[in-house]
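*Asks:* need a structure here:
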Amino acid sequence: MHVTDCKLRNLFLSALFLALAAPLALAQATPAPAPAQPANNMEDLNFRGGDAAMPPFADSNIPVNSRFRQALLSKGVALRLIALDSYAQDILKAPAPTHQQAFVGDSIFDASLMHLIFTSDLRQLGLHHAELHFSGVWNWATWEPAGPKAIDIWSLNLYKEFANDRVEAKIGYNSEELEFIGMQVGGSTASGVQGVYAVLPYEVGMAYFPLTAPMANLKLRGPQYTYFKSGFQRSLDPNGGPATEHRNNSGFRFAPKGDKLLILEEAGYQRPGSATQNQAWLRAGYLHNSTPYTNHATGKPEAGNYAAYALLDYQLRKPDPLQPYKGLYAGLSAMTVPSKFNPYDRYFEARLYQMAPFARRPGDVASLLSTYTSHSKYFTDPLVAAGHPVWRNSGSLTGSYNIHVAPGNYLSVGLSYIRGAAITPRVDDTVTFSAAYSLFF
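*Replies:* From the prediction side, this is the model:
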């Protein structure tokens, strides 16, 4: 193995040790044993420990009480399949030739994925509040920059809670996209079409679906709904998702040459909704990458790429105290990265979304998002000097509606007005229609 790979492996293993040391010490200091895990709790086998949640097993094409589910549950395991197909097209003009498209929807865009998940609560090993999560993914898109074509592992990790669930640790392979920041509207992976979204954390090397990386996370729950979360992840390739997939097309490769350590830190206040209080979630964090990126001010590789972010979501209205999740929410996001390393350097978002907008549609979500993204002068100035027309920034307004069609079935439709859909060429304003259908088995 290359020397730098060995150094990264040693550093990563050291991070794993440090991440585990604190919760193990707290667990040993707790005199009372952890309560036994209920033998029939299917939700203990769902995705755990993240900033985003997957729909519960009760919301599935395969009923929780089916013989298939119950036979697996009796062994402490579960199988789940997620399938999604999405479509996007600018409705103001004819589709561009495939080789000339500059943004999602410029030409007719279609993407599909299948995600097969196996989980075990490890009761056979006598563990409680634990989960082994293993999954693979097939991902396909008509436009490579919008989603690398991949057949990879996505997760192979161990999750464990300690000290009466006040400490959580997760170690293995995973995408940190679902572990930090919480960019999903409503906090669920079933939220559907959201229009333009922030790419800044991905520019800095954070793993995102369908790409994976070795990682170790530690979350500490403090008093009064506060928490602190720290993560260590091997960086993705500085050249983006397609380059990452080309160099590591199985996902298993531990340390491709040059990909070093990404450190993630997040602190927050997350109060659940109840009959007497509204939901509130404030989080802020910092990502630092030691991988050399090209400094476009000097043209030389340099370490020190980073991202800083702050997000707030608050429930403004709660019409039904008996179902406190329902109601109107507002949210704000702000993100920044160094202009010298990244083409997109600032991102701001304001959002309004209604959970259960109609009394007879308790699983639907309606949302309205406005975004602003600025483009780095270190990328746009050379393009202008070479005679290429550019957008210095972009803005969008997106309305979307996510329909809970049936258990395990979601249809999301959205319409986005975008000014500055690509850095270059300077395309006209667009109105993009998007649709996605998700199946959870």
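*Asks:* For the spatially most central residue of the chain, which non-adjacent residue is spatially closest?
*Replies:* Nearest to the geometric centre of the chain sits Glu177, at 2.9 Å (CA atoms, centre = their mean). With sequence-adjacent residues excluded and distances taken as CB to CB, 6 or more residues apart in numbering, Glu177 is closest to Tyr208, at 4.1 Å. All C-beta spots, glycine's among them, are computed from the backbone N, C-alpha and C.
*Asks:* Let me see the contact set for the residue nearest to Leu352 when sequence neighbours are not counted.
*Replies:* Counting by CB to CB, 6+ apart, Leu368 is the residue found nearest to Leu352 once chain neighbours are left out, at 4.9 Å. By CB atoms under 8 Å, 6 or more residues apart in numbering, the contact list for Leu368 reads 351-353, 397-399.
*Asks:* can you check Val431 too?
*Replies:* 90-92, 415-418.
*Asks:* Okay, and which of these map to strands?
*Replies:* Members of the contacts of Val431 lying in strands (criterion: DSSP state E): 90, 415-418.
*Asks:* hey, where'd the strands end up in the stretch 251-400 of the chain?
*Replies:* Using DSSP state E, counting those that start in this stretch, the strands of the stretch 251-400 of the chain run over 261-271, 280-289, 293-295, 300-302, 305-317, 327-336, 344-355, 365-375, 393-406.
*Asks:* residues of the second one that come out buried?
*Replies:* Across strand 280-289, burial judged by 16 or more other CB atoms under 10 Å covers 280-285, 287-289.
*Asks:* Tell me which strands it pairs with, and in which orientation.
*Replies:* Paired strands of strand 280-289, with direction, are strand 261-271 (antiparallel), strand 305-317 (antiparallel) (DSSP bridges).
*Asks:* The shortest one: which residues count as buried?
*Replies:* Residues 261-264, 266-268, 270-271 are the ones in strand 261-271 that count as buried (16+ other CB under 10 Å).
*Asks:* and which of those is nearest to Pro407?
*Replies:* Gln270 (27.3 Å; CB to CB).
*Asks:* Show me what the closest one bridges to in the sheet.
*Replies:* With DSSP bridges as the rule, Gln270 is bridged to Trp281.
*Asks:* who are the neighbours in contact with it?
*Replies:* 225, 227, 280-283.
*Asks:* Determine which two of those are furthest apart.
*Replies:* Tyr227 and Ala280 (13.0 Å).
*Asks:* Which neighbours do these two have in common?
*Replies:* Common contact partners of Tyr227 and Ala280 (CB under 8 Å, 6+ apart): 269-270.
*Asks:* Going through the contacts of Leu368, which ones are buried?
*Replies:* Neighbour-count burial within the contacts of Leu368 applies to 351, 353, 397-399; the criterion is 16+ other CB under 10 Å.
*Asks:* would you list those residues in a markdown table and tack on distance to Tyr437 and pLDDT?
*Replies:* Putting these into a markdown table (distance: CB to CB, whole Å; pLDDT from 0 to 100) gives the following:
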| residue | distance to Tyr437 | pLDDT |
| --- | --- | --- |
| Arg351 | 23 | 95 |
| Tyr353 | 20 | 96 |
| Leu397 | 24 | 96 |
| Thr398 | 18 | 95 |
| Gly399 | 18 | 95 |
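*Asks:* what about Phe134, how many neighbours?
*Replies:* 16 (other CB atoms under 10 Å).
*Asks:* Could you double-check that it lies in contact with Ser155?
*Replies:* Yes. Counting by CB atoms under 8 Å, Phe134 does reach Ser155; the two are 6.3 Å apart.
*Asks:* Overlap in contacts, those two.
*Replies:* Common neighbours of Phe134 and Ser155 (CB under 8 Å, 6+ apart) are Ile117.
*Asks:* quick one, what contacts Tyr410?
*Replies:* Tyr410 makes contacts with 190, 192, 402-404, 436-438, 440, as judged by CB under 8 Å, 6+ apart.
*Asks:* so how far is Asn65 from it?
*Replies:* 22 Å (CB to CB, to the nearest Å).
*Asks:* And Thr373, by the same measure?
*Replies:* 46 Å.
*Asks:* the more surrounded of the two?
*Replies:* Thr373 (24 against 10).
*Asks:* Enumerate every residue touching the more buried one.
*Replies:* Counting by CB under 8 Å, 6+ apart, Thr373 touches 196, 198, 344, 346-348, 393-395, 420.
*Asks:* Apply 6 Å and report the result again.
*Replies:* 344, 347, 394 (CB atoms under 6 Å, 6 or more residues apart in numbering).
*Asks:* Check Pro214 too.
*Replies:* Pro214 makes contact with 173, 234, 254, according to CB under 6 Å, 6+ apart.
*Asks:* Now do the first one: how many residues are near it, please.
*Replies:* A count of neighbours around Tyr173, defined by other CB under 10 Å, yields 23.
*Asks:* Show the contacting residues for it.
*Replies:* Counted by CB under 6 Å, 6+ apart, Tyr173 has contacts 156, 212, 214.
*Asks:* before we move on, the earlier item: turn the strands of the stretch 251-400 of the chain into TSV, including distance to Gln184.
*Replies:* Putting those into TSV (distance: least, CB to CB, whole Å) gives the following:
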stretch	distance to Gln184
strand 261-271	14
strand 280-289	12
strand 293-295	27
strand 300-302	33
strand 305-317	10
strand 327-336	11
strand 344-355	11
strand 365-375	11
strand 393-406	11
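*Asks:* Keeping just the C-alphas, turn the helix or strand hosting Lys219 into PDB.
*Replies:* Element membership of Lys219 [criterion: DSSP states H and E] is strand 213-221. This file holds the C-alpha atoms of strand 213-221, laid out as PDB (Å, rounded to 0.1, in the frame of the first residue of the first chain):
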ATOM      1  CA  ALA A 213     -16.700   6.300   2.300                       C
ATOM      2  CA  PRO A 214     -15.200   5.000   5.500                       C
ATOM      3  CA  MET A 215     -16.400   7.000   8.400                       C
ATOM      4  CA  ALA A 216     -16.800   7.200  12.200                       C
ATOM      5  CA  ASN A 217     -19.400   9.300  14.000                       C
ATOM      6  CA  LEU A 218     -20.000  10.200  17.700                       C
ATOM      7  CA  LYS A 219     -23.100  12.000  19.000                       C
ATOM      8  CA  LEU A 220     -23.500  13.200  22.500                       C
ATOM      9  CA  ARG A 221     -26.900  14.300  23.800                       C
END
